[in-house]
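Q: can you look at this prediction? I've put the sequence above it.
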Amino acid sequence: PRIEQAVAAAQPVREEATSRGTAALAALRGQVSAKEIQRLARKHERRAKRGRLAKRLAVLGLLAGGAVAAWKWWDKQANPDWLVEPPAATEVPDSTPLTSVDGSGQAALDPEVQAKQAEAEAEAKDQDKRG
């Protein structure tokens, strides 16, 4: 098993060495200029920096999210809903009374409704006189 593990661990290293060797031979033969190699190296360096920055930002974001979740949980434990008193009532400005409730808005009714109300009141008076 140790030999198999060593061979398995050496496989990626061997592939990397082969690809680097091929690139070095191409550079030595003049197929790739030194300027192109420098440009590629800078490109890889910038990409690696961006990757590290993205990884750091992701870790910081996860830490911040975890901290917020922990704070909310802790706050909920320390101040349960049943223990927290409701906020003080705010004063409502005086508004016009509802005419439909206090009965003062009889003039604002439709003529048909006024006629039906008058008819109902007349019937009620007739029944009172009879009864």
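A: Right, received. Where do you want to start?
Q: and the helix or strand hosting Ala8, how far out from the chain's middle?
A: When secondary structure is defined by DSSP states H and E, Ala8 falls within helix 2-29. In terms of CA atoms, centre = their mean, to the nearest Å, the centre of helix 2-29 is set 46 Å apart from its chain centre.
Q: try stretch 115-122
A: The answer for stretch 115-122 is 59 Å, by CA atoms, centre = their mean.
Q: do stretch 85-98 as well
A: Using CA atoms, centre = their mean, the offset of stretch 85-98 from its chain centre is 33 Å.
Q: got the CA positions of that stretch in PDB?
A: Extracted in PDB, the C-alpha atoms of stretch 85-98 (Å, rounded to 0.1, in the frame of the first residue of the first chain):
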ATOM      1  CA  GLU A  85     -42.500  44.900  26.500                       C
ATOM      2  CA  PRO A  86     -44.400  46.400  23.600                       C
ATOM      3  CA  PRO A  87     -43.400  50.000  22.500                       C
ATOM      4  CA  ALA A  88     -45.400  52.900  24.000                       C
ATOM      5  CA  ALA A  89     -48.500  53.800  22.200                       C
ATOM      6  CA  THR A  90     -48.300  56.800  19.900                       C
ATOM      7  CA  GLU A  91     -50.900  59.500  19.900                       C
ATOM      8  CA  VAL A  92     -53.200  59.500  17.000                       C
ATOM      9  CA  PRO A  93     -54.200  62.900  15.700                       C
ATOM     10  CA  ASP A  94     -57.800  63.900  16.100                       C
ATOM     11  CA  SER A  95     -59.700  63.000  13.000                       C
ATOM     12  CA  THR A  96     -63.200  63.800  11.900                       C
ATOM     13  CA  PRO A  97     -65.800  61.500  13.500                       C
ATOM     14  CA  LEU A  98     -67.200  58.800  11.300                       C
END
